[in-house]
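S.K.: I would like the atomic coordinates for the input below:
(2 chains)
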There are 2 protein chains.
Amino acid sequence: MIAFDADDTLWVNEPYFQEVEHKFCALLEDFLPHHTVSQELFKTEMANLSLYGYGVKAFMLSMIESISRITEQQASIELVDKTIALGKELLEKPIELIDGVEALLKGLNGTYRLVLATKGDLLDQERKLINSGLENYFHHIEVMSNKKREDYEKLLRHLDCEPQNFLMIGNSIKSDVLPVLELGAHAIHVPFHTTWAHEQVSQTIDKPDFIQVEKISEILKYLS
Amino acid sequence: MIAFDADDTLWVNEPYFQEVEHKFCALLEDFLPHHTVSQELFKTEMANLSLYGYGVKAFMLSMIESISRITEQQASIELVDKTIALGKELLEKPIELIDGVEALLKGLNGTYRLVLATKGDLLDQERKLINSGLENYFHHIEVMSNKKREDYEKLLRHLDCEPQNFLMIGNSIKSDVLPVLELGAHAIHVPFHTTWAHEQVSQTIDKPDFIQVEKISEILKYLS
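M.R.: Have a look, this model is predicted:
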């Protein structure tokens, strides 16, 4: 059983979020410099994480909430309208597959059962999968509210799969690699050039169940 | 296999939404009468449904978006802050089980495999289930982005269950009964005193696979 993370593993995601955040900071530059707006937004996101979870709608609500604090309640409602428009733009972004993804899925198809295991908004992730054209490669789609050890335990129980038969492939050391290795399953890390601050860790992993590659196209040689 | 809807079938939900909507209309009564605000909000929710899906975060974003239109961009940002606070209040509501739910689940447990099949925000529904204390009765939890015929088809494939072995119990004729009967599965309708406008249908059903009860406590006699 091979599970793939979706955002920034199969398709581009974080650069789109950062682009929207950049535009959001520009909307507020009369009040505070870019960098400070960005910090305020991140603080708001972290404060709301346990209540809202991951995904675009949570991001939109945190942007909107930050406006009032950043402007000391001096913002016009127009700034809120513009922020909602930015969020809707993000939800409607076209899917851009990462190079080598489809070739890898084709190569693994038939030999392994492929699963998609992703965080985010349920409807948004389903829509992205359909728009990606990759839906038919996957035996099962799991949108997870979090990717901690206990969430993977639940996934494995649900898939009726032993840890030693499970491989996770993803771009986040924190969400796709560490909790999976902890369970005794396998993981491959494929870095993406941009990582959300919340997902960043600095850790060197030296375990037999772990493989580090540079690009997703390198994976096939380890699995065939 | 018996699947239960969650909101307004196992626990109280719609009255909490309506209470928040009522407070939201009161916030805006300097601009438009309650009823008109409520209509504007519903229009916004329907326009956003395909983009946002169901759940509290979608509801919050639609309330916020409505403020600007209702006030012709004259609202202060404070109204947005208050609306966000209303939404967070909704997310933090305690769970109030509907009378007879736990007795029914206890009575069915062991004889049937029980599944929870609900729409809404993934994290929010998971949290409600944990807070309900009912988690251990369920073999599987499925948060669905929609409840149309094709969504149930996907669920049945996923559960590896034939339609004739599947019974859905819920408060919405539109979401819990009609698509399920269409597939050749069974359904029981348990009305709740309050139904969201989007879920309302006026239809009389006369099919052998369908049972109408008044209260959830009546169900056990049909199944034992």
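S.K.: how about the residues of chain A near chain B?
M.R.: A:51-53, A:57-58, A:60-61, A:64-65, A:67-68, A:71, A:73-81, A:84, A:87-88, A:91-92, A:121-124, A:126, A:140, A:143, A:145, A:158 (CB under 8 Å from any CB of the partner chain). The way it works is simple: take the backbone N, C-alpha and C, and place the C-beta from them, glycine included.
S.K.: can you count the residues close to A:Val213?
M.R.: 15 (other CB atoms under 10 Å in any protein chain shown).
S.K.: by contact count, what packs against whatever helix or strand A:Glu150 lives in?
M.R.: A:Glu150 is located in helix A:149-159, with elements delineated by DSSP states H and E. Helix A:149-159 is packed against strand A:140-144, helix A:178-182, with contacts defined by 3 or more CB pairs under 8 Å, 6 or more residues apart in numbering or on different chains; DSSP states H and E.
S.K.: show me what the mean pLDDT comes to for the helix or strand encompassing A:Lys82.
M.R.: Under the criterion of DSSP H and E, A:Lys82 resides in helix A:77-91. Helix A:77-91 shows a mean pLDDT of 97.
S.K.: ok, and what's touching whichever helix or strand comes after it?
M.R.: Once the chain leaves helix A:77-91, the next helix or strand it forms, by DSSP H and E, is helix A:101-108. Contacts with helix A:101-108, where a contact means CB atoms under 8 Å, 6 or more residues apart in numbering or on different chains, come from A:Ile2, A:Leu10, A:Trp11, A:Leu114, A:Leu134, A:Tyr137, A:Ile216, A:Ser217, A:Ile219, A:Leu220, A:Leu223, A:Ser224.
S.K.: what's in contact with the helix holding A:Lys82?
M.R.: Residues from elsewhere that reach helix A:77-91 (CB under 8 Å, 6+ apart): A:16-17, A:20, A:23-24, A:27-28, A:56-57, A:59-60, A:63-64, A:67, A:71, A:124, B:51-52, B:61, B:64-65, B:67-68, B:71, B:73-77, B:79-80.
S.K.: let's see that with 6 Å instead.
M.R.: Defining contact as CB atoms under 6 Å, 6 or more residues apart in numbering or on different chains, one finds that helix A:77-91 is touched by A:16, A:20, A:23, A:27, A:56, A:60, A:63-64, A:67, B:51, B:65, B:68, B:73, B:75, B:80.
S.K.: and what of stretch A:214-224?
M.R.: Contacts to stretch A:214-224, defined as CB under 6 Å, 6+ apart, come from residues A:Gly100, A:Val101, A:Leu104, A:Gly107, A:Ile188, A:Val190, A:Ile211, A:Val213.
S.K.: tally of neighbours for the third one?
M.R.: Other residues within reach of A:Leu104 by the criterion other CB under 10 Å amount to 24.
S.K.: any idea how far A:Leu90 is from it?
M.R.: When CB to CB, to the nearest Å is the yardstick, A:Leu104 and A:Leu90 sit 26 Å from each other.
S.K.: tell me the domain ranges of chain A?
M.R.: Taking automatic domain parsing as the criterion, chain A consists of the domains A:2-11+A:97-223, A:14-91.
S.K.: in terms of mean pLDDT, which of these ranks lowest?
M.R.: Comparing mean pLDDT over these, the weakest stretch is domain A:2-11+A:97-223, at a mean of 93.
S.K.: mind listing what A:Cys20 touches?
M.R.: Actually, residue A:20 is Val. It isn't Cys. By CB under 6 Å, 6+ apart, the contact list for A:Val20 reads A:Leu86, A:Leu90.
S.K.: pick the most deeply packed of the helices and strands packed on helix A:149-159.
M.R.: Mean neighbour counts were compared across the helices and strands packed on helix A:149-159 using mean count of other CB atoms under 10 Å in any protein chain shown; the top stretch is helix A:178-182, at a mean of 20.
S.K.: how far does the lengthiest helix in chain A sit from the chain's center?
M.R.: Assignment by DSSP state H gives helix A:34-52 as the longest helix of chain A. On the basis of CA atoms, centre = their mean, to the nearest Å, helix A:34-52 sits 17 Å off its chain's mean C-alpha point.
S.K.: residues making contact with it?
M.R.: With contacts defined as CB under 6 Å, 6+ apart, helix A:34-52 is touched by A:Cys25, A:Leu28, A:Ala58, A:Ser62, A:Glu65, A:Ser66, A:Ile70, B:Leu91.
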